[in-house]
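Enquirer: next come a sequence and a model predicted from it.
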Amino acid sequence: MKYYDKLVFELSREGRTGYSLPANPWNKGADTLPAGLRRSTPAALPQVSEVDVVRHYTNLSQMNFGVDTGFYPLGSCTMKYNPKINEEIAAMPGFQRLHPLQPACSVQGALEVYYEMNKALAAITGMSLFTFNPCAGAHGELTGLMIMRQYHLLRGDVKRTRVIVPDSAHGTNPASAAVCGLEVVVVNYLSSDETEFVLKLLKDYYPHLKVVPFKEDVNLFQGKKYPLSIGIKSAKNDILMLADPDCTPKNLLWLRGMVRGYRVPAAGDKNTQTIKHSSNQAIQIVLGYCGVKRTKSLLGCLQQYDALAYGSQYLGAALLGHPYTGSGRNLSYRRSFFFSQGAFIRHYDVADGSDDLFVYQN
């Protein structure tokens with residue numbers, strides 16, 4: 001197929017037109033419109049003939065791979081197996097004009113189709129029920145995995161958590177498996193000890209563990225900013241939880257408490273302190289407190305005092321609406337917010353200060 005990369009504006013020529021309409025007797029002119037609704041300059045529309053328009057969009061349509069022009073070897077089941085008559089039926093007014101929020105009394109015909117199809121498929125396969133909620137192949141794949149996982153859990157089989165996916169599989173296959181569980185991302189950056197060996201052992205027991213290895217120094221930033229950025233980019237979930245390897249959770253509800261901070265806290269709730277950018281925006285950063293293990297030594301007492309003083313300052317400032325820092329020992333923010341604010345680009349050349357400077361600048 002000949003490669004086509006033209007914009008419709010590149011085909012535009014002064015004076016060309018692709019339509020010819022009769023005069024409109026009801027057109028009273030733009031002067032009858034309020035001044036605030038009238039354009040001050042003509043619309044920047046291309047001037048092209050009808051045949052130019054037809055050829056342009058036909059060429060663009062041929063850049064898409066479709067079942068009409070080729071074979072689907074993998075994936076795209078919705079298009080690959082649906083006969084043309086299904087598209088015609090779906091385009092019938094009774095189906096095409098349905099709205100998801102219509103009252104049930106106005107969609108009885110569609111519900112009848114669901115009910116009769118459910119009974120027919122159950123009779124053919126011997127199953128009890130079917131669900132028609134999945135909208136496409138990947139959605140149905142995820143639904144199937146969730147049903148399988150729930151089946152094993154109801155039987156008390158909590159160890160059956162692995163899904164074998166070949167490297168030639170459709171990209172949604174491993175994605176669906178990952179969506180059914182949690183995720184831990186470890187950036188193994190230039191480790192010289194037994195970290196790689198330990199991570200391999202852990203990965204055998206924890207299939208949701210994700211390891212991002214670096215064998216050579218490609219750090220374009222100072223300090224830990226680059227490895228941290230790669231880890232955040234590799235994460236699939238939006239809410240991120242940052243902690244140091246030398247910290248331990250106080251209890252099993254630690255993560256739940258931090259995630260709860262993304263909801264507007266109830267009056268008197270002091271479990272987590274939140275930063276809210278405005279009254280109509282979602283909470284993007286959640287700060288938590290990380291204490292120091294109590295010891296009776298002089299060094300331990302100094303560490304406890306330092307942690308108490310430091311934590312009181314930054315949490316106190318956050319409560320007043322003026323957060324200025326946040327430690328990566330117990331910090332959470334949204335992945336989308338991290339990249340929308342330019343990540344660490346504004347202070348990439350500073351050796352220290354990744355999490356605290358990111359919180360300060362936002």
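Expert: Noted; the coordinates are in hand. Residues are numbered from 1 along each chain as shown.

Enquirer: what about Val286, how many residues nearby?
Expert: 24 (other C-beta atoms under 10 Å). (Glycine included, C-beta is placed from N, CA and C.)

Enquirer: which helix or strand in the protein has the lowest average pLDDT?
Expert: Ranked by mean pLDDT, DSSP states H and E, the weakest helix or strand in the chain is strand 273-275, scoring a mean of 41.

Enquirer: what are the pairing partners of whichever helix or strand comes after that one, and which direction each?
Expert: Remark: after strand 273-275, the chain's next helix or strand is strand 285-287, criterion DSSP states H and E. Strand pairing for strand 285-287, using DSSP bridges, gives strand 273-275 (antiparallel), strand 331-334 (antiparallel).

Enquirer: tell me which strands and helices the helix or strand following the last one is in contact with?
Expert: Once strand 331-334 ends, the next helix or strand along the chain (criterion: DSSP H and E) is helix 335-340. Using 3 or more C-beta pairs under 8 Å, 6 or more residues apart in numbering; DSSP states H and E as the contact criterion, the elements in contact with helix 335-340 are helix 225-234, strand 239-242.

Enquirer: chain center to helix 335-340, what's the gap?
Expert: 11 Å (C-alpha atoms, centre = their mean, to the nearest Å).

Enquirer: just stretch 57-66 next, same as before
Expert: 29 Å.

Enquirer: now do the closest residue in space to Lys6 that isn't next to it in sequence against Glu141, distance only.
Expert: Nearest non-adjacent residue to Lys6, counting by C-beta to C-beta, 6 or more residues apart in numbering: His56, 6.8 Å away. Going from His56 to Glu141 by C-beta to C-beta, to the nearest Å gives 37 Å.

Enquirer: can you pull the phi/psi pair for Val212?
Expert: Dihedral pair for Val212: phi -110, psi 100, per degrees, to the nearest 10.

Enquirer: how many neighbours does it have?
Expert: 15.

Enquirer: hang on, it packs against Ala235?
Expert: No - counting by C-beta atoms under 8 Å, Val212 does not reach Ala235; the two are 9.8 Å apart.

Enquirer: quick one, grab the pLDDT at the residue in the chain sticking out farthest from the centre.
Expert: Going by C-alpha atoms, centre = their mean, the residue of the chain most distant from its centre is Pro25, 51.7 Å out. According to the prediction, Pro25 has pLDDT 79.
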